[in-house]
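*Asks:* Next input, structure requested:
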Amino acid sequence: MPLARASWCVPCLPWEGGCRTDRPRLDGGGGLAPSGSAVLPLGQEVGAPGASAQAALASFSWARLLEDPGRRRELCEALSTDSFAVVEVPEDLARDVALMQELSMQFFGRPSEERRGLGRLRLYRDKVVGYRELSGGAARFLEVHALAGGGAIPRPKAPLGLALAAAKLHLQLQAMARELITWLAEHAGVPPAALLQSLDEAELRNLEDGDCGSSVLRLCCYGCGPDADQDDNHQGVADVEGDGGALVQRTGSDQEEAENEGSDVFFDEHTDASFLTLAPVGSQPGLQMRDASGTAWLDVESGFSGCGGHLVVFIGDFLEVLTNGRYTAACHRVAARRGRTSGEWRGGEAAGQRPSFEGRRLSMPFLVRGQPGSRLDTTEFLAAFPDAPLMRLEGVLRLGCTGMAYADLRRFLDLKGRRRFSGGHLLGPPTTTTTASGEGGEGGR
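*Replies:* Sure thing, here's the model as predicted:
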């Protein structure tokens, strides 16, 4: 295989070592958090008890972002500083997310033989698709990709409309992601094409009919009743992430930390092997981000709509590497706070705004990824913008290759992630010779 040359190596990445530590962390009201606090809530409304304007700035209206360059700058600064931000989505997208939630929960409640009939996680044109269960069916995952020409893969027979709804949502989120990456590039002084070169177009017009988009809509359900005839290894593929990460065995220190916080951790700390992850707020709060100090967890979904109205945007590994650390991948995990009530969402079941999921957590992170067969070449961009925070990726002329293979960079990032993180709840490396690793998103690599 021809080798590509990059101006970095594993041991000397300038931002290696974890989250930034040059910023004070905030409590839910915008003040400095006490050193002993472990989980800090966000998402309070202005005027709510203990809330402040500073805390409320975590939420950005998508409609206003499209119209207001100043607000876009604020969003980019939030993503640069904190690695994540919460976006309020338009009503039509909120309805599509809510429909996808309802259809997903119907699917996850289907008989076990019907769910498993979709087949194991597998590669379809170098992208991971399919279904997987863990803990005897207590945790369930469906990896869905939109197809060029219409539809989605896999396509469950029931409930009717799931594949079409997933395809529509995939295209909407892909368009939003490309817009966000364009804004982030311009904010950092990077030509947008340098970051978009491996990504699918919003409508997948870059693909032949029958091929599928490289980004993945990961449908996740936690807290299901386990199936008596199911074991954890039924699916046999270990390299798909959960809500956004990898699945491995929890370490003793991770377990102790969770116990001290009064949380049950579904997926351990990780970053996503993605450019961005767009994660609609789950049916129950659970997505947590490391704060700026790296010592506490921010409960970023608490206080926001769980009926499709808000999504969390966060930075993935590819954007961190390609921008030389100008944007930092978000360290996150998925956990359930004990004693949580439905009153922690805005709106809520009483107002008829959110379907009842009977204590289960349903989430659907959208991991924005490049085509596995693409190549990344930044030499021309750096020639035109030599001071841009852009990683130099170039081919080896004598070998006749241009740029670095996306798949090679993905393998490097997977190795980096496994070196940096370890835990018992990460969807980990595959047992086969082909990698198909995972999220960015809520619980895996």
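*Asks:* What's the first helix or strand after the worst-scoring helix or strand of the chain on mean pLDDT?
*Replies:* Each helix and strand of the chain was given a mean pLDDT (mean pLDDT, DSSP states H and E); the minimum falls on helix 53-56 at a mean of 34. Beyond helix 53-56 on the C-terminal side, the first helix or strand identified by DSSP states H and E is strand 59-61.
*Asks:* Packing partners of that following strand?
*Replies:* Where contact means 3 or more Cβ pairs under 8 Å, 6 or more residues apart in numbering; DSSP states H and E, strand 59-61 is packed against helix 69-82, strand 84-88. Every C-beta, even on glycine, is put in place using the N, C-alpha and C of the backbone.
*Asks:* okay, those, which one's buried deepest?
*Replies:* Of all those, strand 84-88 carries the top mean neighbour count, a mean of 21, counting by mean count of other Cβ atoms under 10 Å.
*Asks:* strands paired with that strand, and their directions?
*Replies:* According to DSSP bridges, strand 84-88 forms sheet pairs with strand 59-61 (parallel), strand 310-315 (antiparallel).
*Asks:* Which among the ones you listed is found nearest to residue 267?
*Replies:* Judged by Cβ to Cβ, the one of the strands paired with strand 84-88 that comes nearest to residue 267 is strand 310-315, at 14.2 Å.
*Asks:* Please save the CA atoms from that closest one in CSV.
*Replies:* Once non-C-alpha atoms are left out, strand 310-315 reads as follows in CSV (Å, rounded to 0.1, in the frame of the first residue of the first chain):
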residue,chain,number,x,y,z
HIS,A,310,-32.4,20.6,20.7
LEU,A,311,-29.2,18.8,19.7
VAL,A,312,-25.7,18.8,21.1
VAL,A,313,-22.9,19.6,18.6
PHE,A,314,-19.4,18.5,19.5
ILE,A,315,-16.0,18.2,18.0
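*Asks:* Determine the angle, from 0 to 180 degrees, between it and helix 69-82.
*Replies:* 60 degrees (axes from the mean of the first three to the mean of the last three Cα atoms, to 10 degrees).
*Asks:* I'd like the next helix or strand past strand 310-315.
*Replies:* helix 317-322.
*Asks:* export that following helix as CSV, just CAs?
*Replies:* Coordinates of each C-alpha in helix 317-322 appear next as CSV, following Å, rounded to 0.1, in the frame of the first residue of the first chain:
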residue,chain,number,x,y,z
ASP,A,317,-11.0,13.6,16.4
PHE,A,318,-10.7,14.4,12.6
LEU,A,319,-11.4,18.1,13.1
GLU,A,320,-8.9,18.2,16.0
VAL,A,321,-6.2,16.7,13.9
LEU,A,322,-6.9,18.5,10.7
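*Asks:* If you count contacts, what does that helix end up packed against?
*Replies:* Judged by 3+ Cβ pairs under 8 Å, 6+ apart, the packing partners of helix 317-322 are helix 192-196, helix 406-420.
*Asks:* Out of the ones you listed, which gets the lowest mean score?
*Replies:* Sorting the helices and strands packed on helix 317-322 by mean pLDDT places helix 406-420 lowest, at a mean of 81.
*Asks:* So which elements touch that one?
*Replies:* Applying 3+ Cβ pairs under 8 Å, 6+ apart, we find helix 406-420 packed against helix 317-322, strand 375-376.
*Asks:* Tabulate the CA atom coordinates of it in PDB.
*Replies:* C-alpha atoms of helix 406-420 as PDB (Å, rounded to 0.1, in the frame of the first residue of the first chain):
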ATOM      1  CA  TYR A 406      -8.700   8.700   4.900                       C
ATOM      2  CA  ALA A 407      -8.700   5.000   6.100                       C
ATOM      3  CA  ASP A 408      -5.000   5.400   7.300                       C
ATOM      4  CA  LEU A 409      -5.800   8.500   9.300                       C
ATOM      5  CA  ARG A 410      -8.900   6.700  10.800                       C
ATOM      6  CA  ARG A 411      -6.700   3.800  11.900                       C
ATOM      7  CA  PHE A 412      -4.200   6.200  13.500                       C
ATOM      8  CA  LEU A 413      -7.000   8.000  15.400                       C
ATOM      9  CA  ASP A 414      -8.400   4.600  16.600                       C
ATOM     10  CA  LEU A 415      -5.000   3.700  17.900                       C
ATOM     11  CA  LYS A 416      -4.600   7.100  19.600                       C
ATOM     12  CA  GLY A 417      -8.100   6.700  21.100                       C
ATOM     13  CA  ARG A 418      -7.400   3.300  22.500                       C
ATOM     14  CA  ARG A 419      -4.100   4.500  24.000                       C
ATOM     15  CA  ARG A 420      -5.700   7.500  25.600                       C
END
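*Asks:* Could you give me the buried positions within that helix?
*Replies:* By neighbour count on 16 or more other Cβ atoms under 10 Å, the buried set for helix 406-420 is 406, 407, 408, 409, 410, 412, 413, 414, 416, 417, 418.
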